[in-house]
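Visitor: here is the input, now give the coordinates:
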Amino acid sequence: MEINSEGIPMLKIRVLAKILPAALLIMIFQVSFGQEIPQKEESMTASEYLKAGDDLFKARDYEKARESYLKALETSSLAGLVSERVEALSQIARTYLIAGDKEQTRTWLNKAQDVARPENPLGWSRYLGVKGRLAWQDNNLAEATATFMEMYDYCHARNFSERAIDAAHMVAITGNPDQQIEWGKKGIAEAETGKITSWLGPLWNNLGYTYESLERYGEAVEAYREAREYHGQYGDERNRLVADWALGHAFRLKGDIDSAEIWIKPLPAWCEKIGETEFLGWSHKELGEIALVRGLKDSARNHFSLALTQMEKCGMADWDPQGWAELKARVSDSTGAGEK
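Guide: Sure thing, here's the model as predicted:
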């Protein structure tokens with residue numbers, strides 16, 4: 001609901017809440033803007049190295065992104081450019097956070113902190129973004145939320161729209177439920193005002209996830225429907241598949257089984273076509289829940305068995321042992337009401 005260890009371990013936080021699989025969370029937290037990665041290497045400025053690093057980062061090539069940020073650091077240090085130096089140090093820290101290396105993250109972020117000042121807006125805003133993410137990963141949610149709120153106010157006042165959206169998006173993750181809704185909507189408004197529509201899929205996903213966690217399933221359906229529209233415009237094929245799964249999943253939770261089946265039923269074939277293992281498992285699980293609600297116990301057990309096979313391949317027993325045990329129980333005893 002894009003939801004990497006900085007803000008995700010993108011493939012380590014497999015479950016932010018039991019009802020949502022990892023790839024859906026990746027959709028909540030990551031945004032791909034489809035930018036081309038610069039090819040030139042000679043005589044690049046610090047700003048150009050930062051831009052190249054950002055493009056590589058968005059393409060999830062974190063090792064190469066770090067190399068580019070290190071070159072930005074070297075170039076900015078030689079030229080005496082403070083703001084660019086802070087940006088480079090902060091982003092180097094962020095690549096380590098993505099990799100789950102908090103020790104290196106703190107080392108590089110402390111270097112950024114030593115030189116970061118509010119009078120250098122690009123550097124300061126970048127520093128706040130990584131500081132907040134580290135606090136989140138340390139489970140200091142109050143500190144993370146306060147940092148992202150500070151970042152939002154700072155960026156919004158300076159018309160740094162994309163960074164303001166990122167800050168609002170993060171408050172919608174780290175805040176309490178009321179804050180998640182308020183800041184999810186604030187991020188959506190910021191994206192619409194700034195016409196940065198590539199952010200709207202993840203922002204609507206976030207909001208849908210919050211509504212789902214609050215059991216406000218009708219609102220979750222509408223949020224996921226909006227998310228699906230924007231993932232259709234800006235996401236890759238897997239993003240679109242996951243968006244369809246989310247919508248069908250929410251319809252089932254709402255109790256609209258017919259609509260849920262319309263969205264979920266085509267997904268196993270789609271998953272097999274693109275070689276998607278995890279969502280092949282999640283799709284069969286949804287179909288099992290639908291069959292169970294309809295009293296089709298044999299069909300339900302078959303789908304749960306297929307789901308179990310796929311989720312074993314994904315290592316679900318390691319990243320969600322409770323969910324794994326419940327899925328195994330589903331296979332052996334498909335007699336209850338559909339679980340949420």
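Visitor: and E103, how many neighbours?
Guide: 7 (other CB atoms under 10 Å). Where you see a C-beta, it was placed from the backbone N, CA and C, and this is true even at glycine.
Visitor: give me the contact list for the host helix or strand of it.
Guide: Counting by DSSP states H and E, the element that carries E103 is helix 102-115. Residues outside helix 102-115 that contact it (CB atoms under 8 Å, 6 or more residues apart in numbering) are 6, 82, 85-86, 89-90, 92-94, 96-97, 123, 127, 130-131, 134, 137-138.
Visitor: let's see that with 10 Å instead.
Guide: Residues outside helix 102-115 that contact it (CB atoms under 10 Å, 6 or more residues apart in numbering): 5-6, 66, 69, 73, 82-83, 85-99, 101, 116, 123-124, 126-127, 130-131, 133-134, 137-138.
Visitor: just the buried ones from these, in PyMOL syntax?
Guide: Buried residues among these (16 or more other CB atoms under 10 Å), as a PyMOL selection:
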select buried, resi 5+6+66+69+73+82+83+85+86+87+88+89+90+91+92+93+94+95+96+97+98+99+116+123+124+126+127+130+131+133+134+137
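Visitor: just the ones of the contacts of helix 102-115 in strands?
Guide: Of those, none are assigned to strands by DSSP state E.
Visitor: phi and psi next, for E276.
Guide: Taking degrees, to the nearest 10, you get phi -100, psi 110 for the backbone angles of E276.
Visitor: residue contacts, it?
Guide: E276 sits next to A23, E237, R238, L241, V242, L267, P268, W270, W282, S283, Q310 when contact means CB under 10 Å, 6+ apart.
Visitor: among those residues, which has the minimum pLDDT value?
Guide: Among the contacts of E276, A23 has the lowest pLDDT, at 47.
Visitor: flag every buried residue along the helix or strand Q179 falls within.
Guide: According to DSSP H and E, Q179 maps onto helix 177-193. Across helix 177-193, burial judged by 16+ other CB under 10 Å covers Q179, Q180, I181, W183, G184, K186, G187, I188, E190, A191.
Visitor: and what of stretch 136-146?
Guide: Result for stretch 136-146 [16+ other CB under 10 Å]: buried residues W136, Q137, E143, A144, T145, A146.
Visitor: if you look at those, which of them are in helices?
Guide: W136, Q137, E143, A144, T145, A146 (DSSP state H).
Visitor: got TSV for the buried residues of stretch 136-146, with distance to R228 and pLDDT too?
Guide: Below are the buried residues of stretch 136-146 laid out as TSV (distance: CB to CB, whole Å; pLDDT from 0 to 100):
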residue	distance to R228	pLDDT
W136	27	98
Q137	29	96
E143	34	98
A144	28	98
T145	28	98
A146	33	98
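Visitor: quick check: the farthest pair among these?
Guide: Q137 and A146 (15.6 Å; CB to CB).
Visitor: and the buried residues of helix 177-193, which is closest to G255?
Guide: Closest approach to G255 among the buried residues of helix 177-193 (CB to CB): I181, at 22.2 Å.
Visitor: show me the contacts for the closest one.
Guide: Residues near I181 by CB under 10 Å, 6+ apart: A172, G175, N206, L207, T210, Y211, L214, R216, E219.
Visitor: got a winner among these for most neighbours?
Guide: Each of these was scored for neighbours by other CB under 10 Å, and N206 scores highest at 30 neighbours.
Visitor: and the pLDDT for it?
Guide: 92.
Visitor: how close does it sit to V130?
Guide: Applying CB to CB, to the nearest Å, the value for N206 to V130 is 20 Å.
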